[in-house]
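> this one's sequence-less:
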Ligand SMILES: [Zn+2]
């Protein structure tokens, strides 16, 4: 029995890791596999990030981070954050910014709640050699990584958003040389410690449970760009659950942090 439970847990963990970011539905998996490059795959890392704990019983300190990859804004989550006055860090792409001016206006009208950071220009994984990640072609060169980062930042500034200090790439995976390049551009790189919504592909109940069970010092990753997925309903409920538990919500700019794979030191 225990062995079966352990195997199930391992399977779920593996699936959740594989779904760490949104997989564009437009890319057929079979075609992606068929066009996989023959060169050996680069060593990729998916960095962790933690924030300084509150160490106050009953008041866990948690950083909510949301990715806005492409597509729309999830009003279930956005309206809950605003209504409940819950601060969060939102990673936006240039693509998403262009399509969602109303949501961007809400972010900018609530600077006490929202820290906006860089999720890239075109949602291309920040890996500087050619490879496929969940079927998405990587940037493939140092120049393309730089363009993804700089293009995202330029679109933010053009939209009236303060210059970003943090970067999180599409799929949240990197190779170490790309991490070095992005750090040299002056950015901290935002990993996470709790995968809240499995790339927005999990059900509402499991998403709520994952997020609501976050602990002191955790950084949660979820998505705010999939209004038609069940996961967003679970995210919105979990925000209420966490607030009811006395959670201290902080943004990345508000606290000390610790990231591995040389992402923040
Ligand atoms: Zn994304």
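Arrived safely. Computed from a predicted structure; not experimentally measured.

> would residue 116 count as being in a strand?
Yes. Residue 116 sits within a strand when classified using DSSP: H, G, I helix; E, B strand; the rest coil.

> Quickly list what it is bridged to.
For residue 116, the residues forming beta bridges with it (DSSP bridges) are residue 90.

> so it touches residue 156, yeah?
Yes. Residue 116 lies in contact with residue 156 (CB atoms under 8 Å); the separation is 6.5 Å. Just so you know, the C-beta spots here come from the backbone N, C-alpha and C atoms, and that holds for glycine as well.

> can you tell me the residue of this protein closest to the ion?
When you check the chain against the ion by CB to the ion, the closest residue turns out to be residue 69, at 3.2 Å.

> quick one: contacts for that residue?
The neighbours of residue 69, taking CB atoms under 8 Å, 6 or more residues apart in numbering as the test, are 21, 22, 93, 95, 96, 119, 123, 170, 223, 225.

> what do residue 116 and residue 156 both touch?
When contacts are counted by CB under 8 Å, 6+ apart, residue 116 and residue 156 have 92, 162, 164 as shared neighbours.

> Under the pLDDT cut-off, which ranges of the stretch 151-265 of the chain? List them.
In the prediction, the stretch 151-265 of the chain carries no residues with pLDDT under 70.

> Quick check: residues of it near the ion?
Selection of the stretch 151-265 of the chain residues close to the ion by CB under 5 Å from the ion yields residue 170.

> Grab the nearest non-local neighbour of residue 159.
Closest residue in space to residue 159, ignoring its immediate chain neighbours: residue 97 at 5.2 Å, by CB to CB, 6 or more residues apart in numbering.

> Flag every buried residue along the helix or strand where the one you found lies.
Secondary structure here is read from DSSP states H and E; on that basis residue 97 sits in helix 94-99. Buried positions in helix 94-99, judged by neighbour count with 16 or more other CB atoms under 10 Å: 94, 95, 96, 97.

> can you check stretch 111-120 too?
Of the residues in stretch 111-120, those buried by neighbour count under the rule 16+ other CB under 10 Å are 113, 114, 115, 116, 117, 118, 119, 120.
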